[in-house]
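S.K.: What shape does this take:
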Amino acid sequence: MRVFDPRHNGAMSHSGTFNNNTLVMAAGYTGLSQIFTPDACVEFNALGDYMHTRLNEVCKGTKLVFTGVGTILCAHFTSAGGGREILKAEDAEYEWDLDLKDLLWMEMIQEGFWMTRRGSIALVLGTPREEIDRFVSAVGRFLKKYESLVQLEEHGELARL
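M.R.: Residues are numbered from 1 along each chain as shown. So this is what the prediction gives:
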């Protein structure tokens, strides 16, 4: 850090919007010490794990599978199929279907949910469980609506969602 110390000749400057901004530092400290506490972190990640489990239950028998840790998830369309736990790329035989990802993205927007076009989902702190359940139901409706496109070949008709 000495190269940035302005007390020395030839010090490098480092400008930035929030450099030395005491208000931002106070807000960050308050957020981490009073809002996103260790207990809140555990509870928040448990909600994400609940969502991950529920989504993969709904996806059984389809090409759709969700990966993720805690509150960060991602949708994939793969020959490995829904309901499988995929922890790394080697765990799945991917057949990327970008058209299905686009279709899922557009359908979720119509359902009132934002996820990235590439399939990433990041939960927002304070999201109620009812919204998680509503999202899972929306994914279930998507899978039923496009059953002929998402169904794995070795599975028959999807279970009623």
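
S.K.: Report how many residues lie close to H8.
M.R.: 10 (other Cβ atoms under 10 Å). (Each C-beta comes from the backbone N, C-alpha and C, glycine too.)

S.K.: What helices and strands are in contact with the longest helix seen in the chain?
M.R.: Counting residues, the longest helix found in the chain (DSSP state H) is helix 38-58. Counting contacts by 3 or more Cβ pairs under 8 Å, 6 or more residues apart in numbering; DSSP states H and E, helix 38-58 is packed against strand 64-69, strand 72-77, helix 129-145.

S.K.: Quick check: mean pLDDT of it?
M.R.: Helix 38-58 shows an average pLDDT of 95 in the prediction.

S.K.: got the buried residues for that helix?
M.R.: 44, 47-48, 51-52, 54-56, 58 (16 or more other Cβ atoms under 10 Å).

S.K.: angle of it against strand 64-69?
M.R.: 160 degrees (axes from the mean of the first three to the mean of the last three Cα atoms, to 10 degrees).

S.K.: Please work out the angle formed by the directions of helix 38-58 and strand 72-77.
M.R.: 10 degrees.

S.K.: Contacts for helix 38-58 next, please.
M.R.: 36, 65-66, 68-73, 82-85, 123, 125, 127, 129, 132-133, 135-136, 139-140, 143, 161 (Cβ atoms under 8 Å, 6 or more residues apart in numbering).

S.K.: can you give me the angle that helix makes with helix 129-145?
M.R.: Helix 38-58 and helix 129-145 are oriented at 20 degrees to each other (the same axes, to 10 degrees).

S.K.: For helix 38-58, what is the distance to the chain centroid?
M.R.: 11 Å (Cα atoms, centre = their mean, to the nearest Å).

S.K.: Repeat that for stretch 97-110.
M.R.: 15 Å.

S.K.: residues making contact with it?
M.R.: 63-64, 75, 77, 114-119, 135, 138-139, 142, 145-146, 149-150.

S.K.: In this structure, where is pLDDT below threshold?
M.R.: 18, 80-96, 154-161 (pLDDT under 70).
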